[in-house]
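> Here you go, sequence then predicted model.
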Amino acid sequence: YTGSGFGKITNQIKLVITNNSGCQDSITKSLNVSSNPTAGFNYASDTVCSGAIQSFTNTSNGVSLSYSYAFGDGSSSSGSSPTHIYNYTGSGYKSVTTTLTVTNSSGCQNSTSKTFSVGRKPDPAFAPTTSFDNCTGKGDTFRATLYDNSTPSAISNYKVYWGDNSDTSLSSKPSKLDHT
């Protein structure tokens, strides 16, 4: 059976029987045919950092749907438009496939999957090359050595907030960074 739109289509099925004497009788029954739902969703970002929220927006079509998201990391949700936090400690990026299965009240199902990347957060570190104990007004220079412990090292921007309402932005890692 085919139909247009979403929901149930009711068809009247009639059986007519005739015997050898020409006598007839009939019976009519209703047959409900549910249209299949169509699963669909969008996600907020093609690449998400470990520990950040990825938002999913339901775009499914159908009537009286239930939702089952499998986030590709062993976690799941039954919300229609959930959010999820991915935790990744490996190196570089990892492809994650999220699958949405929708089911209507008649048990008809449809699924769709989408893949995006989860990246490890950078692992910043720094060490002072002189004491952190400097006196106000002395004009001492604070020197810090920046370390990038990330694997792989693919940092696009460094920004140091010095705690005195000033900051320094750099597009490449300096070997030493001074602040007075």
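Sure, I can see it. Numbering: from 1, shown residues only.

> which regions of the protein sit below the pLDDT cut-off?
1-9, 123-155, 173-180 (pLDDT under 70).

> Now with 80, please.
For the chain, the stretches flagged by pLDDT under 80 are 1-11, 31-34, 90-92, 121-164, 168-180.

> What is the three-state secondary structure of the most centrally placed residue in it?
Nearest to the mean C-alpha position of the chain, counting by CA atoms, centre = their mean, stands residue 54 at 4.2 Å. Judged by DSSP: H, G, I helix; E, B strand; the rest coil, the three-state class of residue 54 is strand.

> who's it bridged to?
Note on residue 54: beta-bridge partners residue 84, judged by DSSP bridges.

> Residue 119 now?
Going by DSSP bridges, residue 119 forms beta bridges with residue 49, residue 93.

> quick one: contacts for it?
47, 48, 49, 50, 88, 92, 93, 94 (CB atoms under 8 Å, 6 or more residues apart in numbering). Any C-beta I mention is one placed from the backbone N, CA and C, and that applies to glycine too.

> What values do phi and psi take at the residue lying farthest from the centre of the chain?
Distance from the centre of the chain peaks at residue 21, with 68.9 Å (CA atoms, centre = their mean). Backbone torsions of residue 21, given as degrees, to the nearest 10, read phi -90, psi 0.

> Count the residues that sit near the closest residue to residue 34 other than its chain neighbours.
Excluding the flanking residues, the one nearest residue 34 by CB to CB, 6 or more residues apart in numbering is residue 106, at 3.6 Å. For residue 106, the neighbour count with other CB atoms under 10 Å is 16.
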